[in-house]
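Trainee: Mind looking at a prediction? Sequence and model below.
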Amino acid sequence: MKWTRRDILKGLGGLPILGSIWWAGAANALVKSKDRTEILEMLKIEPTLPSALPEIGGDPIRIGIIGFGIRGEQLCRALGFATEEWIEQMKEEERLTGNTQLKEFLEQEKLNLRIAGVCDIFDVRAENAIASFSTAEHQVKRYDTYQEMIRSGEVDAVIIATPDHWHAPMSIEALENNVHVYVEKPMTHTIEETYRLRDAARNSKAHLMVGHQHRQTLSFQTASDIIDKKVLGHVSVVQTFTNRNDDNGAWNYDIHDKASEQTIDWQQFLGSAPQIPFNKNHFFRWRKWWAYGSGLSGDLLTHDYDRLNCVLNMGIPKYITASGGIYTHNDGRNVPDVLQVNMDFPDFSTGSTQAPGKEKGMTFTYNATLGNGFNRPTILMGHDASMELGNNLTIWPDSGSTKYAELMETGKMKPNVPIYHYNPGANVPDAVSSATSQYFADKGLMWTYIDGVRVNSTYLHLREWLSAIRNGGTLSCGIKEGFEEAITAHMTGLAYKLGRRIEWDPVAEQIVPIDDIDLDQVLLSST
Amino acid sequence: MTELLQRESLLKSVVFLRILIGWHFLYEGVIKLFNPDWTAFGYLATAQGPFKSLFIALTGDGVIGWVDTLNTLVLIFVGVTLVLGIFEKWGIIAGMVLLAMYYFAHPPFPWLEQRNVEGSYWFVNKNLIEIGALWVLYHIPTSSYFGLNYLFKKEPKPAKTPQS
């Protein structure tokens, strides 16, 4: 058989096309990969992998729950204990909206513990915990007061999820009795008790963990590595935000229809707070009043502050100013619902890539509204790059960067193209439903990812605490971090209420006194 | 009909279509072959629609590696067969199966949320259109007209003189 030119053309015409496509595909993929490798090698960022904790061996740790409200229930679920009611509700949501929370709850690894007791001053909640968590072998015991529970010898550790004004008294009582403590944020309600709690923690054999669960979020740990490697250069501004626009987010929680003076121990709720007649609104929505809570500064700013403190380790700000008001929910509350906070750290630096002495100092801003849900991400702004930080993490080089100037010139880096993106849960479907849940999830406060699987960060935080109880070891949010968080929250509250700049004296370790003002009295006052 | 199929202009246009589709598959395959970081994990993990659980099952440890390799190899196989004009029916069938999987992993059904799509689709998207185009190729084989098959099939079945 003899092939003509026509035969060759018609028979082998596809070959050059094939060769070209192959060459183009290979060349493009390799060039991209080479540029990427070059950038990554220069950045040297090590994405954080989940840390392995020693096993929580021995007898199950006996846990006492103090406060079984919304947060108390969430913490119990993170421990592996859900109420019947919640399971039914989640089944329904799974059917209707594909919500995956029940599935994730059931897949969560079991921790070596049992719920030994509950202390809640609302009968319905205490009974709910007993009915849901008691087993044939172990009946969950109800305690009328936290002191009885702590001194009973029947609990090894307590979880405190009460209004803020009870955090310190309960934590101190537990620590003095060498009972381990997991306390919700903010760690304290006044300045004075912050010092007392610090002393109690330092003198106790028991471990104290403050409930800033986002410290477990892998992206934050990676962000910390990014700061250490000076990828961003000198960070001069950090912007953080709270954006919420729903009842739940504005702390207008449901009022239980069985709530009454007969079912609630009102005196115990009030404690050191001003003595007022029974008030359901105050009981269920306590976050709206300075007497029991601390509004945006203690409730939500603390999350943003601690998230960044875990990344930057910047400590307590030198100065804080704040302003705001009750602009979106004029419903009888006395804590602000719009708040702008400026924190200054004049001596802090994340490292400089320019002439020595040129760059130093950082401003951290927090802007919150409970009247708008538009998502504004956390941004760290450095001389060389900017970082957006949430559950994911993205870095953009800055057009004026010194460090990346050459790469910018050669076009290997462009200011509008991220040089690094960390998404530990790449494209994992998300079924977080409500606006407030999404708000927390976006900030990495609710979920983190391990091997692409969504894991409740509160679970990881509690697991770290339980592991330390059994095996020893340091905690990621212990008394040092809790002290810094609490003092920052209190300085913010003071700045807002007094309309003055509040200063921290790092040598004397105290808030610089202002005239003859009793700062704690200001914090507790209604205006 | 037979006459229609032998019209040179029709054969040329079908060859053109075959090369385009082959080009598309081949380039997608080669890009993945030379990018060690590429994975179908995200695409499969976000699957929606009636076969959601099947696609999510493909993301499991130990499975996803095979899925990635097979996907790349099949893309290249389809591309090579269509561009070179050899085993074209096998390539077309493999291509249709692959496209059907892409289509059903993220079906453009109005009751599903459309994620990461560059256009507006209502039941019909580019994957489905490409399946349709492959179906046409299946019924109008052209590898004996342009492609390696032309050489192999030359003796027993010489190209007929097309009508002008």
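Mentor: Noted; the coordinates are in hand.

Trainee: Tell me where the model's unsure across chain B.
Mentor: B:1-2, B:4-6, B:116, B:154-164 (pLDDT under 70).

Trainee: How about the residues of it by chain A?
Mentor: Residues of chain B lying near chain A by Cβ under 8 Å from any Cβ of the partner chain: B:19, B:22-23, B:26-27, B:29-31, B:33-37, B:41-43, B:45-46, B:79-80, B:83-85, B:145-148, B:150-151, B:154-155, B:159. The C-beta positions use only the backbone N, C-alpha and C, and glycine is treated the same way.

Trainee: a helix runs through B:K89, doesn't it?
Mentor: Yes: looking at B:K89 with DSSP: H, G, I helix; E, B strand; the rest coil, it is inside a helix.

Trainee: quick one, what contacts it?
Mentor: The contact partners of B:K89, by Cβ atoms under 8 Å, 6 or more residues apart in numbering or on different chains, come to B:138, B:141.

Trainee: quick one: contacts of stretch A:397-410?
Mentor: Under Cβ under 8 Å, 6+ apart, the answer for stretch A:397-410 is A:39, A:42, A:230, A:233, A:353-354, A:382-386, A:413-415, A:419.

Trainee: what's the closest of the residues you listed to A:I517?
Mentor: Among the contacts of stretch A:397-410, A:G382 lies closest to A:I517 (Cβ to Cβ), at 37.6 Å.

Trainee: Hmm, A:I226 and the closest one touching each other?
Mentor: No: judged on Cβ atoms under 8 Å, A:G382 makes no contact with A:I226 at a distance of 9.8 Å.

Trainee: Touching both of the two, which residues are there?
Mentor: In contact with both A:G382 and A:I226: A:L232, using Cβ under 8 Å, 6+ apart.

Trainee: picking up where we left off before, give me the buried subset of the contacts of stretch A:397-410.
Mentor: Those of the contacts of stretch A:397-410 that meet the buried threshold are A:39, A:42, A:230, A:233, A:353, A:382-386, A:413, A:419, by 16 or more other Cβ atoms under 10 Å in any protein chain shown.

Trainee: now those in TSV, with pLDDT?
Mentor: Output for those, formatted as TSV (pLDDT from 0 to 100):
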residue	pLDDT
A:I39	80
A:M42	80
A:K230	92
A:G233	95
A:T353	92
A:G382	97
A:H383	97
A:D384	96
A:A385	95
A:S386	96
A:M413	85
A:I419	85
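
Trainee: thinking again about what came up before, taking the contacts of stretch A:397-410 one by one, which sit in strands?
Mentor: A:382, A:385-386 (DSSP state E).

Trainee: Show the pLDDT at the residue in the stretch 251-400 of chain A that chain B sits nearest to.
Mentor: Nearest residue of the stretch 251-400 of chain A to chain B: A:N392, at 12.9 Å (Cβ to the nearest Cβ). With respect to pLDDT, A:N392 scores 78.

Trainee: Now do the contacts for it.
Mentor: Neighbours of A:N392 in contact, by Cβ under 8 Å, 6+ apart: A:219, A:421-424.

Trainee: mind listing what the most centrally placed residue in chain B touches?
Mentor: Nearest residue to the geometric centre of chain B (Cα atoms, centre = their mean): B:G95, 3.2 Å. Residues counted as contacts of B:G95 (Cβ under 8 Å, 6+ apart) are B:21, B:25, B:78, B:82, B:130, B:134.

Trainee: out of the residues you listed, who has the most neighbours?
Mentor: In terms of neighbours by other Cβ atoms under 10 Å in any protein chain shown, the contacts of B:G95 top out with B:L82 at 32 neighbours.

Trainee: now that residue: how far from B:G91?
Mentor: 5 Å (Cβ to Cβ, to the nearest Å).

Trainee: what touches both of those two?
Mentor: Contacts common to B:L82 and B:G91, judged by Cβ under 8 Å, 6+ apart, are B:G22.

Trainee: Who are the packing partners of the longest helix seen in chain B?
Mentor: Using DSSP state H, we find that the single longest helix of chain B is helix B:8-33. In terms of contacts (3 or more Cβ pairs under 8 Å, 6 or more residues apart in numbering or on different chains; DSSP states H and E), helix B:8-33 is packed against helix A:14-43, helix B:64-84, helix B:88-105, helix B:126-139.

Trainee: Give me the residues contacting the last one.
Mentor: Same thing as helix B:126-139. The contact list for helix B:126-139, computed with Cβ under 8 Å, 6+ apart, reads B:14, B:17-18, B:21, B:24, B:82, B:88-89, B:92-93, B:95-96, B:99-100, B:102-103, B:119.

Trainee: Kindly recompute the last result at 6 Å.
Mentor: By Cβ atoms under 6 Å, 6 or more residues apart in numbering or on different chains, the surrounding residues in contact with helix B:126-139 are B:17-18, B:92, B:95-96, B:99, B:102-103.

Trainee: Next SSE downstream of it?
Mentor: As assigned by DSSP states H and E, the chain's next helix or strand after helix B:126-139 is helix B:148-152.

Trainee: Can you tell me what sits against that next one?
Mentor: A:10-11, B:84-86, B:143-144.

Trainee: rerun at 7 Å
Mentor: Outside helix B:148-152, the residues within contact range by Cβ atoms under 7 Å, 6 or more residues apart in numbering or on different chains are A:7, A:10-11, B:84-86, B:143-144.

Trainee: So among these, which ones count as buried?
Mentor: Neighbour counting by 16+ other Cβ under 10 Å classes A:10-11, B:84-86, B:143-144 among those as buried.

Trainee: Just give me the closest of those to A:C119.
Mentor: Closest to A:C119, out of all of the buried ones among the contacts of helix B:148-152 and judged by Cβ to Cβ, is B:L84, at 76.6 Å.

Trainee: quick one: that closest one and A:L12 touch, right?
Mentor: No: between B:L84 and A:L12 there is no contact, the gap being 8.4 Å when judged by Cβ atoms under 7 Å.

Trainee: so where is the stretch 351-500 of chain A shaky, pLDDT-wise?
Mentor: Checking the stretch 351-500 of chain A against pLDDT under 70 turns up A:424-454.

Trainee: Could you rerun that using 80?
Mentor: A:391-392, A:421-455 (pLDDT under 80).

Trainee: do the same with the stretch 101-250 of chain A
Mentor: Looking at the stretch 101-250 of chain A by pLDDT under 80, you get A:218.

Trainee: hey, where'd the strands end up in it?
Mentor: For the stretch 101-250 of chain A, applying DSSP state E, counting those that start in this stretch gives strands covering A:113-119, A:141-142, A:157-160, A:180-183, A:208-210, A:235-243.

Trainee: Let me see the domain layout of chain A.
Mentor: Per the record, chain A has its domains at A:61-215, A:218-272+A:290-449+A:480-524, by automatic domain parsing.

Trainee: wait, does the shortest one contact chain B?
Mentor: No: between domain A:61-215 and chain B, judged by Cβ under 7 Å from any Cβ of the partner chain, nothing touches; the nearest distance is 9.2 Å.

Trainee: what's the spacing between the helix or strand containing A:H461 and its chain's center?
Mentor: If you go by DSSP H and E, A:H461 is part of helix A:457-471. The chain centre lies 15 Å from the centre of helix A:457-471; the measure is Cα atoms, centre = their mean, to the nearest Å.

Trainee: What are the boundaries of the helices in the stretch 1-150 of chain A?
Mentor: A:5-12, A:14-43, A:70-79, A:84-97, A:101-107, A:123-133, A:146-151 (DSSP state H, counting those that start in this stretch).

Trainee: The residue nearest to A:N471 when sequence neighbours are not counted - how many residues pack around it?
Mentor: Of all residues not flanking A:N471 in the chain, A:P54 sits nearest, at 4.5 Å (Cβ to Cβ, 6 or more residues apart in numbering or on different chains). The local packing of A:P54 (other Cβ under 10 Å) involves 11 other residues.
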